[in-house]
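S.K.: how does the following fold in three dimensions:
(one chain, ligands or ions: 2)
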Amino acid sequence: MGSLKNEEEMEPIGGESSRDAVLYVNGVRRVLPDGLAHLTLLEYLRDIGLTGTKLGCGEGGCGACTVMVSHYNEVLKKCVHYAVNACLAPLYSVEGMHIITVEGVGSRKSGLHPVQESLARSHGSQCGFCTPGFIMSMYALLRSSELPPTEEQIEECLAGNLCRCTGYRPIIDAFQVFAKTDDAFYTNTSSSDLQSGEFLCPSTGKPCSCKSKGLNGAETCKKSTANEHNYEPVSYSEVDGSTYTDKELIFPPELLLRKLTPLYLNGFGGLKWFRPLKIQHLLELKAKFPDAKLVVGNTEVGIEMRLKRIQYKVLISVAHVPELNVLHVKDDGLEIGAAVRLSELLQMFRKVINERAAHETSSCKAFIEQIKWFAGTQIKNVACVGGNICTASPISDLNPLWMAAGAKFQIIDCKGNIRTIMAENFFLGYRKVDLTSGEILLSIFLPWTRPFEYVKEFKQAHRRDDDIAIVNAGMRVFLEEKGEDLVVSDSLIVYGGVAPLSLSAVKTKEFIIGKNWDQELLQGALKFLEIDIFLKEDAPGGMVEFRKSFNT
Ligand SMILES: NC(=O)c1ccc[n+]([C@@H]2O[C@H](COP(=O)([O-])OP(=O)(O)OC[C@H]3O[C@@H](n4cnc5c(N)ncnc54)[C@H](O)[C@@H]3O)[C@@H](O)[C@H]2O)c1
Ligand SMILES: O=c1[nH]c(=O)c2nc[nH]c2[nH]1
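M.R.: Ligands and ions are numbered 1, 2, ... in the order given. The predicted structure follows:
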């Protein structure tokens, strides 16, 4: 039997009485034994016979292992549902949560769920290996959306799922039947008229001239036919779910009543797994185990442990420490807890750009664009801001932006002392940051941009979705009006993928400050960038000419 008992010396901190560590899988309650801290959720699921969830790449890149996690969010006071890569999720990271796998969605025996039925009817499954992952990504999107998702949201939710057979078209088509349509097309209101006076056809959603004739039935515009696309589209009314006789799995009532408790469990080879719920507990653990690895999404640590065979002895899951999960809108900027997941951050950025003056949110817009291409949805649902910062990867997509945007990092030590450092000064070398073993990243402060201050992102990868950058960048310029001219008052340009760390173009900055914002400045700046961003012919990573072409 597993238990949530605290280690003896941790007793005063956790304080809760012992009880079983519990997980629900497809509505079935399961007690988690102690000793499994080395297991991933995927290994556990397959061990208990749920082999629909597949092991593909094992590093969160293919989506074959996608499952849906549901848990009660104390802050939002509601259940949240999201897709994750089970191949990276540590088993104990989902304690107290509900996992739905493809077996819990529908089957030929109990009837196919509409998502499965639509995929089958559209020939969206061939060898079938990736199919459960696609089903689960789509299912999680539908379960988590209050309104029908848009076509764009559907495509976005599949960015972390790879298929090597279908070419994606039948899969996208199968799922687009669940998309929200624009009701205005059917209401004959002015909103269906384009500004140019063109009319949008209710059948095709494209501009056409069928309005006057088509509406009284005399003549209808040409509808796209199955032959045109070589497939038979399935309409939502055809996929009515009538073959689905099972009930949709509800969130287990026990988990609504059950509060999370601090965890102390073990794994193979003496591995210890802690889940503190208070910052004080976390700091005491860090003092006791200075070499402990903090984990949130485990999307970096998991790869280090499995693929690079690095053995950590103590893992501390900080995903549920409230101080690390703050998201505060302040007068001068945004305070972001280090454990905030990228999907939460994305939502917050979208909210503030709707609510605040446009000039204040230039950085937020740049982050939204960069996070879009950062990774698949499953990764963004678990990977945290602090994990990406502290990994200090030379190709980090976000670190050049934190630096360029003038972000500040708050660091806390084991005694509770807090210091602040500019993001620009935090990165010291290849995967090396300004943190001692007794310190952790507490939060990030992102200032609002000022009028005439602009932040932009850049990323070039082999493909757009879910790929590591070859070169990326974050850039900020603050302009001042001087008479007729706009003069550069402050700036920072930071490149990734060109050095062992995110690299600030110092000479370029010096050159452009005080200069007029014009073509001459651009030409001069490019010359200085060649000096700042210097790549030797044998630079690690190769593709030197190609990489150089992005900054010269
Ligand atoms: N696997 C993928 O496909 C993929 C894709 C994009 C990004 N990523 C990864 O996303 C990661 C971010 O998320 P994650 O939550 O999964 O990381 P994680 O849980 O794997 O932790 C990553 C590193 O950050 C450290 N860390 C985390 N929080 C910290 C804190 N508050 N203070 C000090 N150190 C802290 C951890 O100890 C660890 O060294 C990035 O590191 C990036 O490499 C992975
Ligand atoms: O910032 C990042 N962007 C990525 O695309 C990525 N992939 C792995 N690790 C990563 N970090």
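S.K.: okay, CA-based contacts and neighbour counts for the rest of this
M.R.: Noted.
S.K.: domain ranges for this structure, per the record?
M.R.: When the chain is parsed with automatic domain parsing, its domains come out as 22-176, 184-229, 322-548.
S.K.: check the stretch 101-250 of the chain for the residue nearest ligand 1 and tell me.
M.R.: Of all residues in the stretch 101-250 of the chain, Gly160 sits closest to ligand 1, at 8.7 Å by C-alpha to the nearest ligand atom.
S.K.: residue in the stretch 451-552 of the chain nearest to ligand 2?
M.R.: For the stretch 451-552 of the chain, C-alpha to the nearest ligand atom, closest residue to ligand 2: Ile468, 3.9 Å.
S.K.: that residue reaches Ala461, doesn't it?
M.R.: Yes: Ile468 is in contact with Ala461 according to C-alpha atoms under 8 Å; the separation is 6.1 Å.
S.K.: picking up where we left off before, surely the residue of the stretch 101-250 of the chain closest to ligand 1 meets Ala375?
M.R.: Yes: counting by C-alpha under 8 Å, Ala375 is a contact partner of Gly160 at 6.9 Å.
S.K.: that older thread, who touches the residue of the stretch 101-250 of the chain closest to ligand 1 in this structure?
M.R.: By C-alpha atoms under 8 Å, 6 or more residues apart in numbering, the residues touching Gly160 are Gly60, Gly61, Cys62, Gly63, Ala375, Gly376, Thr377, Gln378, Ile379, Asp465, Asp466.
S.K.: what's the overlap in contacts for Gly160 and Ala375?
M.R.: Taking C-alpha under 8 Å, 6+ apart as the criterion, Gly160 and Ala375 both touch Asp465, Asp466.
S.K.: who's more crowded, Ile468 and Ala461?
M.R.: Ile468 (20 against 14; other C-alpha atoms under 10 Å).
S.K.: ok, now how distant is that one from ligand 1?
M.R.: Remark: distance between Ile468 and ligand 1 (C-alpha to the nearest ligand atom, to the nearest Å) = 7 Å.
S.K.: show me the contacts for that residue.
M.R.: So Ile468 contacts Phe374, Ile395, Ala461, His462 (C-alpha under 8 Å, 6+ apart).
S.K.: keep only these that also lie close to ligand 2.
M.R.: Filtering these for proximity to ligand 2 (criterion: C-alpha under 6 Å from any ligand atom) leaves Phe374.
S.K.: where strands are concerned, which of the contacts of Ile468 count?
M.R.: Among those, the residues falling in strands (DSSP state E) are Ala461.
S.K.: just name the closest of the contacts of Ile468 to ligand 1, please.
M.R.: Phe374 (5.8 Å).
S.K.: and the host helix or strand of Pro132, what does it pack against?
M.R.: Assigned by DSSP states H and E, Pro132 belongs to helix 131-144. Helix 131-144 is packed against strand 66-73, strand 78-85, helix 114-121, helix 151-157, with contacts defined by 3 or more C-alpha pairs under 8 Å, 6 or more residues apart in numbering; DSSP states H and E.
S.K.: could you export that helix as CSV, CA atoms only?
M.R.: Listed next in CSV are the C-alpha coordinates belonging to helix 131-144 (Å, rounded to 0.1, in the frame of the first residue of the first chain):
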residue,chain,number,x,y,z
THR,A,131,-4.6,7.0,-33.3
PRO,A,132,-5.1,6.8,-29.5
GLY,A,133,-2.9,9.9,-29.0
PHE,A,134,-4.9,11.9,-31.6
ILE,A,135,-8.2,10.7,-30.0
MET,A,136,-7.0,11.8,-26.6
SER,A,137,-5.7,15.2,-27.7
MET,A,138,-9.1,15.9,-29.4
TYR,A,139,-11.1,14.5,-26.5
ALA,A,140,-9.2,16.6,-24.0
LEU,A,141,-9.8,19.7,-26.1
LEU,A,142,-13.5,19.0,-26.2
ARG,A,143,-13.7,18.2,-22.4
SER,A,144,-11.9,21.4,-21.5
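S.K.: flag every buried residue along it.
M.R.: Applying a neighbour-count criterion of 16 or more other C-alpha atoms under 10 Å, one finds 131-142, 144 buried in helix 131-144.
S.K.: same deal with stretch 166-184?
M.R.: By neighbour count with 16+ other C-alpha under 10 Å, stretch 166-184 contains the buried residues Tyr168, Pro170, Ile171, Ile172, Asp173, Ala174, Phe175, Gln176, Val177, Phe178, Ala179, Thr181.
S.K.: quick one: contacts for the closest residue to ligand 2 within the stretch 201-350 of the chain?
M.R.: Proximity of the stretch 201-350 of the chain to ligand 2 (C-alpha to the nearest ligand atom) peaks at Glu300, 7.2 Å away. Residues in contact with Glu300 (C-alpha under 8 Å, 6+ apart) are Gly387, Thr391.
S.K.: cool, Ile250 as well?
M.R.: Gly27.
S.K.: check which helix or strand covers it.
M.R.: Going by DSSP H and E, Ile250 is not in any helix or strand.
S.K.: quick one: it from Val28, how far?
M.R.: As judged by C-alpha to C-alpha, to the nearest Å, Ile250 and Val28 stand 11 Å apart.
S.K.: same thing with Val352?
M.R.: For Val352 relative to Val28 (C-alpha to C-alpha), the value is 40 Å.
S.K.: which of these two has more neighbours?
M.R.: Using other C-alpha under 10 Å as the criterion, Val352 and Val28 rank with Val352 on top: 17 against 10.
S.K.: now the domains of the chain as a markdown table including mean pLDDT?
M.R.: A markdown table is the format used below for the domains of the chain (pLDDT from 0 to 100):
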| stretch | mean pLDDT |
| --- | --- |
| domain 22-176 | 96 |
| domain 184-229 | 46 |
| domain 322-548 | 96 |
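S.K.: in CSV, list those domains along with distance to Met305.
M.R.: Below are the domains of the chain laid out as CSV (distance: least, C-alpha to C-alpha, whole Å):
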stretch, distance to Met305
domain 22-176, 10
domain 184-229, 46
domain 322-548, 14
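S.K.: count of neighbours near the residue of the chain found nearest ligand 2?
M.R.: Residue nearest to ligand 2 within the chain: Ser396 (3.2 Å; C-alpha to the nearest ligand atom). By other C-alpha under 10 Å, the residues close to Ser396 number 23.
S.K.: ok, it - contacts?
M.R.: Ser396 is in contact with Asn388, Ile389, Ala469, Gly496, Ser502, counting by C-alpha under 8 Å, 6+ apart.
S.K.: ditto for Thr420
M.R.: Lys408, Phe409, Gln410, Ile411.
S.K.: out of those, who's the most crowded?
M.R.: Of all the contacts of Thr420, Phe409 has the most neighbours under the rule other C-alpha under 10 Å, reaching 27 neighbours.
S.K.: Thr299 reaches Ile379, doesn't it?
M.R.: Yes: assessed by C-alpha under 8 Å, Thr299 is found in contact with Ile379 at 7.2 Å.
S.K.: list residues touching both of those two?
M.R.: Shared contacts of Thr299 and Ile379 (C-alpha under 8 Å, 6+ apart): Gly60.
S.K.: and of the domains of the chain, who's closest to Ile310?
M.R.: Closest approach to Ile310 among the domains of the chain (C-alpha to C-alpha): domain 22-176, 12.5 Å.
S.K.: re earlier: tabulate the buried residues of stretch 166-184 (JSON lines), appending distance to Ile531.
M.R.: Listed next are those as JSON lines, based on distance: C-alpha to C-alpha, whole Å:
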{"residue": "Tyr168", "distance to Ile531": "43"}
{"residue": "Pro170", "distance to Ile531": "49"}
{"residue": "Ile171", "distance to Ile531": "47"}
{"residue": "Ile172", "distance to Ile531": "46"}
{"residue": "Asp173", "distance to Ile531": "49"}
{"residue": "Ala174", "distance to Ile531": "51"}
{"residue": "Phe175", "distance to Ile531": "49"}
{"residue": "Gln176", "distance to Ile531": "49"}
{"residue": "Val177", "distance to Ile531": "53"}
{"residue": "Phe178", "distance to Ile531": "52"}
{"residue": "Ala179", "distance to Ile531": "50"}
{"residue": "Thr181", "distance to Ile531": "52"}
